[in-house]
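> Any chance you could fold what I've pasted below:
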Amino acid sequence: MHSSNILDDMADGAVFLLKVVFVMDVRGIMKLAQITNQSYLLYFFSVYKSK
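Numbering: from 1, shown residues only. This is a model prediction of the structure:
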């Protein structure tokens, strides 16, 4: 019984950590998307200007 309680606590903790990591990942991915979009635009702009 004690082991199952510990497993339940570990499962709850893992789910909580996954939720926190997911939220952080979503924000990080959105920031990365903005940065990569800007870099792509700069890259295409520089390529376009060089032609």
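> From here on, just use CA atoms for contacts and neighbour counts.
Will do.
> so where is the chain shaky, pLDDT-wise?
Counting by pLDDT under 70, the chain shows low-confidence ranges at 1-3.
> repeat that with 80
Under the criterion of pLDDT under 80, the regions of the chain flagged as low confidence span 1-4, 51.
> what's the helix or strand for the residue nearest to the spatial centre of it?
Here the mean C-alpha position of the chain is nearest to the C-alpha of Asp25 (Cα atoms, centre = their mean), at a distance of 1.9 Å. When elements are assigned from DSSP states H and E, Asp25 belongs to helix 2-50.
> Show me what that helix is packed against.
Contacts of helix 2-50 with other secondary structure elements, assessed using 3 or more Cα pairs under 8 Å, 6 or more residues apart in numbering; DSSP states H and E, are absent: no helix or strand is involved.
> Send me stretch 27-44 as PDB with only the CA atoms.
This file holds the C-alpha atoms of stretch 27-44, laid out as PDB (Å, rounded to 0.1, in the frame of the first residue of the first chain):
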ATOM      1  CA  ARG A  27       6.500  30.100 -24.500                       C
ATOM      2  CA  GLY A  28      10.000  29.200 -25.500                       C
ATOM      3  CA  ILE A  29       8.800  27.800 -28.900                       C
ATOM      4  CA  MET A  30       6.900  31.000 -29.600                       C
ATOM      5  CA  LYS A  31      10.000  33.100 -28.700                       C
ATOM      6  CA  LEU A  32      12.100  30.800 -30.900                       C
ATOM      7  CA  ALA A  33       9.600  31.100 -33.700                       C
ATOM      8  CA  GLN A  34       9.700  34.900 -33.600                       C
ATOM      9  CA  ILE A  35      13.500  34.900 -33.500                       C
ATOM     10  CA  THR A  36      13.700  32.400 -36.400                       C
ATOM     11  CA  ASN A  37      11.100  34.300 -38.400                       C
ATOM     12  CA  GLN A  38      13.100  37.500 -38.000                       C
ATOM     13  CA  SER A  39      16.400  35.800 -39.000                       C
ATOM     14  CA  TYR A  40      14.700  34.200 -42.000                       C
ATOM     15  CA  LEU A  41      13.400  37.600 -43.100                       C
ATOM     16  CA  LEU A  42      16.800  39.200 -42.600                       C
ATOM     17  CA  TYR A  43      18.300  36.300 -44.600                       C
ATOM     18  CA  PHE A  44      15.900  36.600 -47.500                       C
END
